[in-house]
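*Asks:* The following comprises the amino acid sequence and a computationally predicted model.
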Amino acid sequence: MPNVLTIREAVQRAKAEGLPISEYTLRQWVRTGAIPTRKVGQKALLFYPNLVRYLQCEDGADNTPATRAAASGICRVL
């Protein structure tokens, strides 16, 4: 199997391997830079092992969204 895939192909492969992810979510991660990609024409290509590494938190990071602090009543806009 190839390891460099389009976003749609990566979602299909992830679902086939039992990793539930939506195309919308993956596009959001690409847009925010959480998953590195290369643009070829209008397509974004990603290295599939990077996606698996991100989903399994292998980099030691906690990939959960930031929580808002409500102590002062003023919250930072993310």
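*Replies:* Yes, it's here. Worth saying up front: this structure is predicted, and the values here are computed from it rather than measured.
*Asks:* Let me know the helix or strand that the spatially most central residue of the chain is in.
*Replies:* Ranked by distance to the mean C-alpha position of the chain (C-alpha atoms, centre = their mean), the top residue is residue 29 at 3.7 Å. Element membership for residue 29 (DSSP states H and E) is helix 23-32.
*Asks:* Adjacent strands (with direction) for whichever helix or strand comes after that helix?
*Replies:* Scanning the chain past helix 23-32 towards its C-terminal end, the next helix or strand to appear is strand 37-40 (assignment: DSSP H and E). Strand 37-40 has its sheet partners listed here by DSSP bridges as strand 43-47 (antiparallel).
*Asks:* Any buried residues in the strand it pairs with, and which?
*Replies:* Within strand 43-47, the residues that count as buried by 16 or more other C-beta atoms under 10 Å are 44, 46, 47. Every C-beta, even on glycine, is put in place using the N, C-alpha and C of the backbone.
*Asks:* Sort out which one of the residues you listed lies nearest residue 13 for me.
*Replies:* Sorting the buried residues of strand 43-47 by how near they are to residue 13, with C-beta to C-beta, puts residue 46 at the top with 10.8 Å.
*Asks:* so that closest one makes contact with residue 37?
*Replies:* Yes - in terms of C-beta atoms under 8 Å, residue 46 counts as a neighbour of residue 37; the distance is 4.6 Å.
*Asks:* Give the residues shared as contacts by the two.
*Replies:* 7, 30 (C-beta atoms under 8 Å, 6 or more residues apart in numbering).
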